[in-house]
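S.K.: quick one, what's the 3D model for this:
(2 chains)
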Amino acid sequence: AQSVAQPEDQVNVAEGNPLTVKCTYSVSGNPYLFWYVQYPNRGLQFLLKYITGDNLVKGSYGFEAEFNKSQTSFHLKKPSALVSDSALYFCAVGGGLTGGGNKLTFGTGTQLKVEL
Amino acid sequence: DGGITQSPKYLFRKEGQNVTLSCEQNLNHDAMYWYRQDPGQGLRLIYYSQIVNDFQKGDIAEGYSVSREKKESFPLTVTSAQKNPTAFYLCASSIRGGSYNEQFFGPGTRLTVL
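M.R.: Just a heads-up that it's a prediction; the model follows:
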């Protein structure tokens, strides 16, 4: 079975500082990894994904994530946080030896709060 | 949210009633999904469909039913057998099935049981 852990329920950061939202995963075989963002009472928006290739993936709104196979991690990063980045962030994993059954497994989410 | 619509935005149900949530997409995507979101639990997959007239159970299918008669539409019925249906329901689609394809989400329907 595949699983995702987002160890922090909330991350607080000052505007202009770098931010990191952590994600670790478990899957048999090669993972497909995703980050999504959700604003209040809205659906999820796709930020970026790792399927194969370069371990550093760049996505929307200046976000990037680094795939680390040895640590089974896929942390989301941004060099300079904005107040408008405040939202709920979800990591998700698919793939694996059986392709994950075409399903994504989502983490429980991390609330990011960027303050002035 | 572009290309995927869900209706209604808010839905209230009395105990013992079945209700149907609508999901429509104009992205020409083959695959569609239904998720349930509860606070602190992330998203859990209810049903998914990779092609018209075919669908599979997800992790929490009990008390729910779906149909996929048209490529654009994937309605979800919450039946009276679902014991705790109050939640935020999200529909998504992807160009094809396969977990390597990113999913695009609708704006959601918030269901409350009175």
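
S.K.: show me the beta-bridge partners of the closest residue to chain B within chain A.
M.R.: Nearest to chain B in chain A, going by CB to the nearest CB, is A:Gly94, at a distance of 2.5 Å. Heads up, the C-betas are built off the backbone N, CA and C, glycines and all. Beta bridges link A:Gly94 to A:Tyr32, judged by DSSP bridges.

S.K.: how about the residues of chain A near chain B?
M.R.: A:9, A:32, A:34, A:36, A:41-46, A:49, A:51, A:90, A:94-95, A:99-104, A:106-109 (CB under 8 Å from any CB of the partner chain).

S.K.: residue contacts, B:Asn18?
M.R.: B:Thr77, B:Val78, B:Thr79, B:Ser80 (CB atoms under 8 Å, 6 or more residues apart in numbering or on different chains).

S.K.: which of these lies closest to A:Leu76?
M.R.: Distance to A:Leu76 across the contacts of B:Asn18 (CB to CB) is lowest for B:Val78, with 32.8 Å.

S.K.: the closest one and B:Glu15 touch, don't they?
M.R.: No: if you go by CB atoms under 8 Å, B:Val78 and B:Glu15 don't touch, sitting 11.7 Å apart.

S.K.: any idea how far the residue of chain A closest to chain B lies from B:Glu24?
M.R.: 25 Å (CB to CB, to the nearest Å).

S.K.: if you count what's nearby, which of the two comes out ahead?
M.R.: Higher neighbour count among A:Gly94 and B:Glu24: A:Gly94, with 25 against 18, using other CB atoms under 10 Å in any protein chain shown.
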